[in-house]
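Student: fold the following and give me the result.
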Amino acid sequence: MAGDKSFLEIEDGKRIECKFNPAELSVTRSNNWYVDPLPGKGVAKARYGGAGSGMFALSLFFDTTDTGQPVTSYTGQILGLLEVNPKLPGSDEASGNVRPPWVRFHWGQLHSFKAVVTSATVNFDYFSSEGTPLRARADLTLLQFEEEMAFGRQNPTSGTPRPHRVHRISPGETLDRIAAAHYGDPTRWRTIAAANGIEDPFALRPGTLLSIPRLEG
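Tutor: Coordinates of the predicted model:
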């Protein structure tokens, strides 16, 4: 699964490709419990009040230094997930019953529950000499849209992909040196090249983020 690229599936059928797989995902589930105070007595018994909506958070990295095109072509799509879409099922503009779309995160055999983006923070950290933003990180927080297993059991015959790490290329670094640093084996550079779609291992651009797959076993 090392070469699988993650993406966000949008309710309207579109998808946003992730240029780099996230280094980690954070999933939160909660239950509601209520306790009625008993003045003059001991601790009251807690009453179950139902399940709370699940939440998950992730950070996505975008880098267009190789093309020089504005990275906003990607971050704009992310921020667009917070905009209402009157074409979604059940929408009624006359009554103001409209909402943003739900999304689902996919990475190989890993699939999230349907969720809506509650917040998105975009940080631009690299610009061209003309001021064009070329690199950005988008931090997303998503809320479960409907009852569904949260990153639940996947297909047992296929397994789930191991989480990837992210490495920022420093000046003078090569793939074999990066492989040696992460795997202790410079010959593993092909694993990194395959995961990032690198055709020329000698044409590495400093500052670019690489997805570093975790090795099986």
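Student: can you name every helix or strand that the helix or strand bottoming out on mean pLDDT in the chain contacts?
Tutor: Of all the helices and strands that make up the chain, strand 165-168 has the lowest average by mean pLDDT, DSSP states H and E, namely a mean of 76. Contact partners of strand 165-168 among helices and strands, from 3 or more CB pairs under 8 Å, 6 or more residues apart in numbering; DSSP states H and E: helix 175-183, strand 209-212. From N, CA and C alone the C-beta is placed, and that goes for glycine too.
Student: next SSE after the longest one?
Tutor: If you walk from helix 175-183 toward the C-terminus, the next helix or strand you reach (DSSP states H and E) is helix 189-196.
Student: need the contact partners of stretch 199-217.
Tutor: Where contact means CB atoms under 8 Å, 6 or more residues apart in numbering, the residues beyond stretch 199-217 that reach it are 1-2, 20-21, 61, 63, 65-66, 126, 135, 162-171, 173-176, 178, 182-183, 188-189, 191-193, 195-196, 198.
Student: and that stretch, what's buried?
Tutor: When burial is assessed from 16 or more other CB atoms under 10 Å, stretch 199-217 yields the following buried residues: Leu204, Thr208, Leu209, Leu210, Ser211, Ile212, Pro213.
Student: out of these, which is nearest to Phe56?
Tutor: Ser211 (19.1 Å; CB to CB).
Student: okay, and the beta partners of that closest one?
Tutor: Partner residues in beta bridges with Ser211, using DSSP bridges, are Val166.
Student: coming back round to it: which of the helices and strands packed on strand 165-168 has the lowest average pLDDT?
Tutor: For those, mean pLDDT drops lowest on strand 209-212, to a mean of 78.
Student: any low-confidence regions in this structure?
Tutor: For the chain, the stretches with pLDDT under 70 are 1-3, 148-165, 216-217.
Student: and the strands in it, which stretches?
Tutor: 7-10, 15-17, 25-28, 31-34, 47-51, 55-63, 103-107, 110-111, 115-127, 133-144, 165-168, 209-212 (DSSP state E).
Student: which one, of those strands, ends up nearest to Lys87?
Tutor: For Lys87, the closest of the strands of the chain is strand 7-10, at 11.9 Å, according to CB to CB.
Student: spatially central residue in this structure, please.
Tutor: The C-alpha lying nearest the average C-alpha coordinate of the chain belongs to Leu58 (CA atoms, centre = their mean; 4.4 Å).
Student: which residues touch Cys18?
Tutor: Contacts of Cys18 (CB under 8 Å, 6+ apart): Lys5, Ser6, Phe7, Leu8, Leu60.
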